[in-house]
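1. here is a sequence with its predicted model. Questions after.
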Amino acid sequence: MSSNTNQGSVVSQGDQALRADIARSTFSLNGDGITVGVISDSFNALGGFNDDVASGDLPSDLTIVQDDQSGTDEGRAMAQLVYDIAPGASLLFHAGGADGAAFAAGINALVAAGADVIVDDLSYYDEPWFQDGVVAQAAEAAIASGVTYLSSSGNEADQSYDSVFRGVTDPLNTDYLWHDFDPGTGTDILQEFTLEDGESIEVNFQWDQPFASAGGAPTANDMDVFLYDASGSLILASSEDNNIGGNAYEIVDFTNNTGSTATYNLAFGQFIPAGGPSVGRVKYLDTAGGTRDGEFFMPASTTISNANAEGVLTVGAAFYQDTPAFGQTPPLPEDSTSLGGTPILFDTAGNRLATPIVRDAPDFTSVDGTNTTFFAPGEDPENDGFNNFFGTSAAAPHAAGVVALMLQAKPDATPAEIEAALEATAIDMLTPGFDRLTGAGFIQADAAISNLLGVTDGSDIFVDDDNIVRGKAFQANQTYTGELFSNSDGTNSPDDTIRGTSGDDNIWAGETGNDIVNGNGGNDLIGIGTGDSTVTTDSGDDFVYSVNGGGGTNVLDLGDGVNTVYVEQGDYDITTGSGDDSIGLGTGTDIVRAGDGANIIYMNDTRPMTGDGDKDILTGSGDDYVQTGSGDDLIDGGSGLNTLFGGDGADTFIFRSGAYNFVGDFTIGSDTLELDSLAFGDLSFFQGQGDNAADAFIFVGSESIGQVSNITVADLNNSANFS
């Protein structure tokens, strides 16, 4: 078994997009002890394997169980992506072969070779869509033996026509019962479409009959497919196999080589002389896409066969640049990623099911469009010299690498547990919850591992579901009693990673060290010391405080509860959610990004009186109170009704339309009112009256946007006070 922890000359951007890099460092994982099998067209037909080993992009002990010398080595590119995510995993490869039987044999061979995870990116369009064929059955058998099996959903988007069969006769050809494409009151047995010069169709056609190749009953009727010219009279291509006793499949491919755009017509019908039951449902996938603009075209599912098998983890694709790690939230699916929803109408014996089965596919979405050493030629959007691998064929091996990390973290995890953890922690992408284009959403490695281990986020020290403390800084099997310390005896220990439970935890990271703390759920009390700390909490009402004065450079990312922060020394980058938060700051140089609650941000009284660092404060739409100290501070109260005190120092207060700010201690010549999307000429000034007679009010038109305490209009109405 490989135990490598390094990566090669090029690292997939998917490592960052899926947070696999964070998962490896947080949990000390690399996939060691896990074997991943890859099935694709070929591995070393182009002869680049040795170069990949030399550059560190693939391990030397990778086993090629069977290769094919006629492919593009997409399997080697897939293996590189698995290796980038799980560089300690052992890798196997088997070519898919010429047909479904060879593909199924490849699955069985990888299981026999010890694969814990198998990932494929192949679809054989002559495998049944409405029934589990031999490939789907082999994948399901692998899953039953404990293998986690992943498959790419496909890259056909919704380029499929799917309809009940509406049989009509045509006096010009009475041998056929023709499909009526018109779903309304009219009749049209021709589906008209256009092809530009050089454009093609590849119509893979099936209907609701079982396949003999699936091992049960064969097809009992016969259908044929025809391509006509614009007039609908001249047959340009056809597929007229005798399907009786075989498989319910026909294929027509055609390319427009006329030199100009031309119109064509598609037709298909049941061959009446062959007999058999009436056709109930018809479906075709145009893998070349030429019929996409066709008359009566009804976009439908394109996730089929092994990608639609029971228990297979079917993977959609999102370009890495369209994911949160690269600035896009929520992540966006690739336009080409296949749509799920193809029903299973027959069991493997060929019996029609009383109720069709519609499986959840795809299960989730992974990442594509990332760097490899060679694949695919000509794809380099970053112009960094490395080819980028697009499509669900790239997304699936990324996900397989994540599964390898998960299995290293929990070797006895079942395929169902792996699936549940990935789906429970995926980032929703389109409609809330599951949808048939992106599944449960975009997977995140660290969150999935945390979920698998019984917590909602990742670390190597945590409390499991049985309230037993696990991890290197605790004594083994110490019973959790409600308080977590950075060492089992309560003393401090440097550089700890501590995970709370979903309940109310009291967590102390010790007086020293660079600590990572996640309170998980519940209302947590978290103490951090003098090192560089990172604190994350969930949606509970959390209290984060500095121990022995604190220090270091710290990041606090708090959830949507009502949070309290009390720190004295050190620099802090604080982000909170939508709750009404109380944040007491100390002497450091701090950044605060508070959410939309009614927040109170102030200088705590116990901080050393040695001078305060500069503060950069931004709040949301709530009515906030902000008070800073002696530093040069930037204060932006957002869009609420805010009360702001800058203290000593040269402070800047942000004013904008749609908000109202009361500034309690503006100093002429030192402080500044910064205008957001406003000009000084937009402002008018009025002296207050009554109890507010000492204050100056600022208006934009009829809207009052602020009040500055203890200052006259004569002193304030000067462009030098504004920026």
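-> On my side now, so go ahead. Everything numeric here is computed off the predicted structure, so don't read it as measured data.
2. going by C-alpha atoms from here, please, whenever you check contacts or count neighbours.
-> Fine.
3. how close does Gly577 sit to Pro331?
-> Separation of Gly577 from Pro331 (CA to CA, to the nearest Å) stands at 21 Å.
4. so for these two, which sits in the more crowded spot?
-> Neighbours per residue (other CA atoms under 10 Å) separate Gly577 from Pro331, with Pro331 holding more: 25 against 21.
5. is it true that the more buried one touches Ile443?
-> No - between Pro331 and Ile443 there is no contact under CA atoms under 8 Å: 10.3 Å.
6. overlap in contacts, those two.
-> Shared contacts of Pro331 and Ile443, defined by CA atoms under 8 Å, 6 or more residues apart in numbering, are found at Ile427.
7. next one, pLDDT for Ile427 please.
-> Note for Ile427: predicted pLDDT of 96.
8. likewise for Phe653?
-> The model reports Phe653 with a pLDDT of 98.
9. list the beta-bridge partners for it.
-> Counting by DSSP bridges, Phe653 is bridged to Ile635, Leu673.
10. list the residues that contact it.
-> Leu634, Ile635, Asp636, Asp671, Thr672, Leu673, Glu674.
11. redo those residues as a markdown table? Include neighbour count.
-> Formatted as a markdown table, these follow (neighbours: other CA atoms under 10 Å):
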| residue | neighbour count |
| --- | --- |
| Leu634 | 23 |
| Ile635 | 25 |
| Asp636 | 23 |
| Asp671 | 22 |
| Thr672 | 20 |
| Leu673 | 20 |
| Glu674 | 20 |
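12. just flag the most distant two among those residues.
-> Between any two of the contacts of Phe653, the greatest separation by CA to CA is 13.7 Å, found for Asp636 and Asp671.
13. C-alpha coordinates for the lengthiest strand in the chain, CSV please?
-> The longest strand of the chain (DSSP state E) is strand 262-271. C-alpha atoms of strand 262-271 as CSV (Å, rounded to 0.1, in the frame of the first residue of the first chain):
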residue,chain,number,x,y,z
ALA,A,262,-30.5,21.8,-44.2
THR,A,263,-33.8,20.6,-42.8
TYR,A,264,-34.4,16.9,-41.9
ASN,A,265,-37.1,14.8,-40.3
LEU,A,266,-37.0,12.0,-37.8
ALA,A,267,-39.6,9.2,-37.6
PHE,A,268,-39.9,6.0,-35.7
GLY,A,269,-42.5,3.3,-35.7
GLN,A,270,-43.5,-0.1,-34.5
PHE,A,271,-43.1,-2.8,-37.2
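14. buried stuff in the helix or strand following that strand?
-> The helix or strand immediately downstream of strand 262-271 is strand 281-286, counting by DSSP states H and E. Within strand 281-286, the residues that count as buried by 16 or more other CA atoms under 10 Å are Val282, Lys283, Tyr284, Leu285, Asp286.
15. what of stretch 70-77?
-> The neighbour-count check on stretch 70-77 (16+ other CA under 10 Å) flags Gly71, Thr72, Asp73, Glu74, Gly75, Arg76, Ala77 as buried.
16. start to end distance for it?
-> End-to-end distance of stretch 70-77 (CA to CA): 16 Å.
17. skip the chain neighbours and tell me the closest residue to Phe680.
-> Leaving aside its sequence neighbours, Phe680 sits nearest to Ser719 (CA to CA, 6 or more residues apart in numbering; 6.5 Å).
18. same question but for Leu285, I mixed them up
-> Ser160 (4.4 Å).
19. ok, which stretches of the protein are helices?
-> For the chain, applying DSSP state H gives helices covering 14-17, 20-27, 49-54, 74-85, 100-112, 134-144, 392-409, 415-424, 445-452, 713-716.
20. averaged pLDDT, the fifth one. What do you get?
-> With pLDDT averaged residue by residue, helix 100-112 scores 98.
21. how does the protein divide into domains?
-> With domains defined by automatic domain parsing, the chain comprises 14-155+305-450, 160-293.
22. buried ones in stretch 676-689?
-> Residues of stretch 676-689 classed as buried under the neighbour-count rule (16+ other CA under 10 Å) are Phe680, Leu683, Ser684, Phe685, Phe686, Gln687, Gly688.
23. need the pLDDT of Leu172.
-> 88.
24. beta partners for the residue nearest to Val567 when sequence neighbours are not counted?
-> Spatial nearest neighbour of Val567, chain neighbours left out: Ser546 (4.9 Å); criterion: CA to CA, 6+ apart. With DSSP bridges as the criterion, Ser546 is bridged to Ile528.
25. and Ser546, what is it in contact with?
-> Gly527, Ile528, Gly529, Thr530, Tyr566, Val567, Glu568, Gln569.
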